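**Student:** for reference, the sequence and a predicted model appear below.
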Amino acid sequence: MVDQRFWDAVNNRIRERVGSSFDGKPVSSVGGGCINNAERLLDRSGNTAYFVKHNRAELAAMFETEAAGLQAIADTGTIRAPLPICQGIVGGRAFLVLEWLELGGRGDWRAMGEQLAQLHQCRLSEHFGWDGDNFIGATVQTNAKADEWVDFFLSERLEAQRRLVEQRGGSLPRFDELRRALPDLLAGHQPEPSLVHGDLWSGNAAFTIQGDPVIFDPAVYFGDREVDLAMSQLFGGFDRSFYTAYRTTYPTAGGYERRRTLYNLYHVLNHYTLFGGFYLSQANGMIAELLR
């Protein structure tokens, strides 16, 4: 629980950042994902609001990297992401303040597909990876840079998750086979490094009440753009018009269906790391499918 001293300190940080006389109070709890608490902080005048996430102080790095990812997406001018305002630690609580966006519009999935394709077309790095590690959910996501996609995906995605799975007591009996098969699975596929959201599922994409597409809660890095398409299909998928518009704007290469299983293996392994349960058997089934 947080007290008024926490909100007074957050208000002070906001005022320092935006240079206004903002004086807010939390008026409603809102979804902050599976990890964080989140509130709508509304100015007492009723004219200005911010979205505030908070958690234990030791998770401050999670908020810092989220802010950096949101800013990176926003800086491309392609698809909207909530702008970070400030973050910090107050009284043992880490917090992140974002602009408040009124979500809930039905929106245009075609526009979402077009704008994501435009994001992926931004050429901002010659290497795969990111300037530092960030987070996929509550899991540290390692991002050491690599010149080749196959090397990056093996080392920073599959091998990293294998270690976490084994630390949790899980077993991946055919993982070494998959590791040896990876060059063949990605043979002929040489993507350019694209700025990717990194955790793009239906819970992290929405529309404003004006209908503008918005993406949030990113785990950004420079990778194969298909990782975002794959993740978007892992839990039911987006509207069909999203994929049509994406591929019209930025066509995908042949063999995507097999790569989709490979790329989503990373997320299923991470879900086992986070939540345990049946995700391990799902991951082993995906590995068997890839090796057939």
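**Tutor:** Received the coordinates, thanks.
**Student:** which secondary structure element contains the residue lying closest to Leu164 once chain neighbours are set aside?
**Tutor:** The shortest distance from Leu164 to any non-neighbouring residue, by C-beta to C-beta, 6 or more residues apart in numbering, is to Thr273 (4.4 Å). Just so you know, the C-beta spots here come from the backbone N, C-alpha and C atoms, and that holds for glycine as well. Assigned by DSSP states H and E, Thr273 belongs to helix 256-275.
**Student:** returning to that earlier point: residues in contact with the residue nearest to Leu164?
**Tutor:** Shown in contact with Thr273 (C-beta atoms under 8 Å, 6 or more residues apart in numbering): Thr139, Gln161, Leu164, Val165, Arg168.
**Student:** need the residues you listed in JSON lines with neighbour count and secondary structure, can you?
**Tutor:** Below are the contacts of Thr273 laid out as JSON lines (neighbours: other C-beta atoms under 10 Å; DSSP: H, G, I helix; E, B strand; the rest coil):
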{"residue": "Thr139", "neighbour count": "16", "secondary structure": "strand"}
{"residue": "Gln161", "neighbour count": "26", "secondary structure": "helix"}
{"residue": "Leu164", "neighbour count": "16", "secondary structure": "helix"}
{"residue": "Val165", "neighbour count": "20", "secondary structure": "helix"}
{"residue": "Arg168", "neighbour count": "12", "secondary structure": "coil"}
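**Student:** CSV for those residues, including distance to Arg5 and pLDDT?
**Tutor:** Listed next are these as CSV, based on distance: C-beta to C-beta, whole Å; pLDDT from 0 to 100:
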residue, distance to Arg5, pLDDT
Thr139, 32, 97
Gln161, 40, 98
Leu164, 37, 98
Val165, 41, 98
Arg168, 38, 96
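**Student:** after the helix or strand containing Leu116, which helix or strand is next?
**Tutor:** Following DSSP H and E, one finds Leu116 within helix 109-120. Following helix 109-120 in sequence order, the next helix or strand is strand 134-136 (DSSP H and E).
**Student:** okay, now the sheet partners of that following strand, with direction.
**Tutor:** strand 139-141 (antiparallel) (DSSP bridges).
**Student:** list of residues touching the strand it pairs with?
**Tutor:** Counting by C-beta under 8 Å, 6+ apart, Asp133, Asn134, Phe135, Glu156, Ala160, Leu164, Gly198, Ala219, Tyr221, Asn270, Thr273, Leu274 sit against strand 139-141.
**Student:** what's the next secondary structure element after that strand?
**Tutor:** helix 149-152.
**Student:** list the buried residues for that next one?
**Tutor:** For helix 149-152, the neighbour count (16 or more other C-beta atoms under 10 Å) marks Trp149, Val150, Phe152 as buried.
**Student:** before we move on, what about stretch 228-237?
**Tutor:** Asp228, Leu229, Ala230, Met231, Ser232, Leu234.
**Student:** can you list those in JSON lines and add pLDDT, secondary structure and distance to Cys86?
**Tutor:** Formatted as JSON lines, those follow (pLDDT from 0 to 100; DSSP: H, G, I helix; E, B strand; the rest coil; distance: C-beta to C-beta, whole Å):
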{"residue": "Asp228", "pLDDT": "98", "secondary structure": "helix", "distance to Cys86": "28"}
{"residue": "Leu229", "pLDDT": "98", "secondary structure": "helix", "distance to Cys86": "33"}
{"residue": "Ala230", "pLDDT": "98", "secondary structure": "helix", "distance to Cys86": "34"}
{"residue": "Met231", "pLDDT": "98", "secondary structure": "helix", "distance to Cys86": "29"}
{"residue": "Ser232", "pLDDT": "98", "secondary structure": "helix", "distance to Cys86": "30"}
{"residue": "Leu234", "pLDDT": "96", "secondary structure": "coil", "distance to Cys86": "33"}
